[in-house]
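Undergrad: fold the following.
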Amino acid sequence: MSDEGILIDFSSESGATPPGGGQTGGGARGVGASQVFLGTDTTGPPANLLDDFGFEPAAPSAMPGPTGSYQDFEPDDEEMQKAAEKGSQRTNRDRTKQDLEEASKEAEGGATGTIPRPTDLPLPPAPPAPVARPVPVEDFSDVAKHSIVELAGDDSYGRKVIIFSCCRLPPSKELDHQRLLGYLRQTLDQYVENDYVLVYFHYGLNSQNKPNFKWLIQAYREFDRKYKKNLKALYIVHPTNFIKILWKIFKPIISVKFGRKIMYVNLLSELKEHLYFDQLEVPQPVLEHDKRLLERNKPKATSTFYRGSPDATDDQPRPTQQFGVTLEFLKIHNHGEPLPKVLQETTAYLRQHGLDVEGIFRRSANAKMVKEVQKMYNEGRTVNWTELGDPHLAAAVLKSFLREMPEPLVTFQLYDEVMRIHGELDGNDRLMATKELISGKLPELNYVVLKYLVDFLEEVMLYSEDNKMTAQNLSIVFGPNLLWSTNQAASLTSLGPINMFTLRLLENHQDLFIRDWGTSP
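TA: Predicted structure coming up:
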C-alpha cells in the first residue's frame, strides 16, 4: 500500500493489489474490468465510483489531509491496515466461485472502474399507514329537543323534505344560535348529496326569538354551493312584510339561480300541489294561524289538500286507478295479479336501461312529467317507457307509487314492532326478530310485493360501482317509502330505525324472505 491508493481486484483471491503494475506515468491508471481503484487524485475521488452512489465529487479542500487524499488507509496506521486486509481475505475466502463469476460479469457489463448498483437489495419495510380515527359527532341534543328542524319524508317528486318551524324557537337567551346553525348544518349534511326541499314555517318568529341580522348573513354564506346545489325548492309559508324586506336586503348577494328556488306559500293548501300534506308535522300554532287566514279569505280558500288522490272521485276511485289505492284494490282490478302494474313496468324498464345509471333513485325527475305519467296510469292509458327514455323518471314514479299508498308496504300495524326491534335488540337477535316480522307477520299480498321490490333492489346493488347506489344509499332512499306511522309524521328520530330496518332487508334478503308465495303468515 502507498500514498497513491489501493487497487481492489475482484477476479483475484489475493484481495487488494498495491498500485504500480499496470499504471501509466503521470498518475494515470489502467484499471481492469473487474478492478476498482481507491486512492489519491489531485482532482478528487473517482467520479464514476461516486456517481454510482449518487454523490457529487468533492473539492480537494473538502477532504482534509496532508496531500488532500483519503485518510482511511494511512501507511502508519498498521492496526487498521491489518484489520482491513484480514477482513478482505476472509470475505474472499468465503465467497464461492459462482459468486465471483457473477460479480465479474456484472463489472464487465458496466463502465470501467464502476461498482454495480445494489438494485436487488431488499427495500426497508414501509412505515405503517396511519389509522384513520372516526371524527366524533357533535352532540346537539340541547337544540334537537325543541324540534325546530324536522324531516318529513319525501315530496311528490321523491325528494327529501326538511322543515324549519320558527314557532318552536325558544327565546334567544335560552338558545345559542351558533349551535342552532351547527345543528342545521349537521342535519342537512345527511341529505345534501341528494335532491331535497326546505319548508320554512315563518309564523311564530318574533322579537324575542329571532336571530340577529348578522347571524342571517353568516348562515347564508356558510351554506355554500354544497348545500345550494341540490336544494330544489325553498317554500316560505305564511310570509310577512318582514320576509319581503329581508328579500330586498339579501337580493344583491343572492344568485339569480337560487332566487328562482324560493316560493311563497300564503296558505297551507297550496303545499298540496308539491308535498304530501299528511306527512308534514305542521306545528299546532301554524295550523291555527292558517285557519284564521282561511276564515278571512273564504272566497279564495280551498280545501283540496284534505281530499285523497286528485284523480279519484268523492265516492270511489275509478277502476283503472293505480296511485293512492290499496294493494287489494289493484289486485281485484288487475285480474288477480298481485304485483301492481306500475311496479312491474317501471322495474322492467329500469332493468334494461337504469341499473348502471349513476344516482338512480337519488336524482329527481321533471315534476310535470311525473304528474303526467301518474295521470296516464290512473286513466288506464299505456305508458311507453322506451319512448319516454328517462330512467330517473321511471325511478321517481316508482317511489311516488309506494309513497302514495294509503298504507305503507310494511303496514301501520308493524310500525311499533320495527321501532321495538331497533331499540331493544341487537346483533343476531335483531336479525331473527326481523325475519319473524317479515315471514311471520306481514300480510301475504304485502309480502309478495315487498319481496319483488327487494329482489329488484338487489340487482341495483350489483351495479353499485357504476350507479353509486349501495345498500346503505338505497335504504336511505326507500326507507321512508316503505314504512311510516299513523299518528306522527316522519322525524329524524324515527327515520334512523326505519332506514336500519330497510338496510337489513337489503343485506339479508335471502335469509329473511323464506315464505312461499300463496301461504299466509
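Undergrad: mind checking the longest helix of the chain?
TA: helix 444-462 (DSSP state H).
Undergrad: contact partners of it?
TA: 327-328, 331, 338-340, 343, 347, 350-351, 355, 360-361, 402, 409-411, 438-439, 442, 467, 469-471, 474, 478, 482, 505-506, 509, 513, 515, 517-521 (C-beta atoms under 8 Å, 6 or more residues apart in numbering). (C-beta placed from N, C-alpha, C; glycine too.)
Undergrad: tell me which of these fall in helices.
TA: 327-328, 331, 343, 347, 350-351, 402, 467, 471, 474, 478, 482, 505-506, 509.
Undergrad: buried ones among those?
TA: 327, 331, 343, 347, 350, 402, 467, 471, 474, 478, 482, 505-506, 509 (16 or more other C-beta atoms under 10 Å).
Undergrad: now distance to residue 446 and pLDDT too, for the residues you listed, in TSV please.
TA: Conversion of those to TSV gives the following (distance: C-beta to C-beta, whole Å; pLDDT from 0 to 100):
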residue	distance to residue 446	pLDDT
327	7	94
331	11	92
343	12	97
347	17	97
350	22	97
402	12	94
467	27	93
471	21	94
474	19	94
478	15	93
482	10	93
505	13	95
506	17	95
509	15	90
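Undergrad: now for those: which two are most distant?
TA: Pairwise distances among these were taken by C-beta to C-beta; the largest, 31.3 Å, belongs to 331 and 467.
Undergrad: need the phi and psi values for the residue lying closest to residue 166 once chain neighbours are set aside.
TA: Counting by C-beta to C-beta, 6 or more residues apart in numbering, residue 166 lies nearest to residue 205, which is 3.9 Å off, once chain neighbours are set aside. Residue 205 adopts backbone torsions of phi -80, psi 130, taken as degrees, to the nearest 10.
Undergrad: pull up the gap between residue 205 and residue 250, please.
TA: Computed with C-beta to C-beta, to the nearest Å, the distance linking residue 205 and residue 250 is 16 Å.
Undergrad: now swap in residue 161 and tell me
TA: In this structure, residue 161 and residue 250 are 23 Å apart, going by C-beta to C-beta.
Undergrad: same deal with residue 475?
TA: Look at residue 475 and residue 250: by C-beta to C-beta, they are 37 Å apart.
Undergrad: same thing with residue 285?
TA: Counting by C-beta to C-beta, the separation of residue 285 from residue 250 is 26 Å.
Undergrad: in terms of neighbours, single out the busier of residue 161 and residue 250.
TA: Higher neighbour count among residue 161 and residue 250: residue 161, with 27 against 13, using other C-beta atoms under 10 Å.
Undergrad: is that one in a bridge, and if so with what?
TA: The residues paired with residue 161 through beta bridges, assigned by DSSP bridges, are residue 197.
Undergrad: OK, contacts around it?
TA: With the criterion set at C-beta under 8 Å, 6+ apart, residue 161 makes contact with 151-155, 196-197, 199, 275, 279-280.
Undergrad: try residue 263
TA: Counting by C-beta under 8 Å, 6+ apart, residue 263 makes contact with 233-236.
Undergrad: go again using 10 Å as the cut-off
TA: Residues in contact with residue 263, defined by C-beta atoms under 10 Å, 6 or more residues apart in numbering, are 197, 199, 233-237, 239, 270-271, 274.
Undergrad: which residue ranges of this protein form strands?
TA: When secondary structure is read from DSSP state E, the chain shows strands at 5-9, 16-17, 35-39, 149-154, 160-165, 196-201, 231-237, 262-265.
Undergrad: relative to residue 385, which of the ones you listed is closest?
TA: Checking these against residue 385 by C-beta to C-beta gives strand 149-154 as the closest, at 21.5 Å.
Undergrad: who does the closest one touch, helix- and strand-wise?
TA: If contacts are counted by 3 or more C-beta pairs under 10 Å, 6 or more residues apart in numbering; DSSP states H and E, strand 149-154 sits against strand 160-165, helix 177-189, strand 196-201, helix 391-403, helix 471-482, helix 492-507.
Undergrad: give me that answer again for 6 Å
TA: Based on contacts counted as 3 or more C-beta pairs under 6 Å, 6 or more residues apart in numbering; DSSP states H and E, the elements that strand 149-154 packs against are strand 160-165.
Undergrad: okay, the angle between the strand it packs on and helix 471-482?
TA: Our comparison of strand 160-165 with helix 471-482, counting by axes from the mean of the first three to the mean of the last three C-alpha atoms, to 10 degrees, yields an angle of 70 degrees.
Undergrad: average pLDDT for strand 160-165?
TA: pLDDT averaged over strand 160-165 equals 90, rounded to a whole number.
Undergrad: next, the angle from it to helix 177-189.
TA: On the basis of the same axes, to 10 degrees, strand 160-165 is oriented at 160 degrees to helix 177-189.
Undergrad: using CSV, list the CA coordinates for strand 160-165.
TA: Provided in CSV are the C-alpha atoms of strand 160-165 (Å, rounded to 0.1, in the frame of the first residue of the first chain):
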residue,chain,number,x,y,z
LYS,A,160,-86.4,14.7,1.0
VAL,A,161,-88.5,17.3,2.8
ILE,A,162,-86.9,19.2,5.7
ILE,A,163,-89.0,21.5,7.9
PHE,A,164,-87.9,24.6,9.9
SER,A,165,-90.5,25.9,12.3
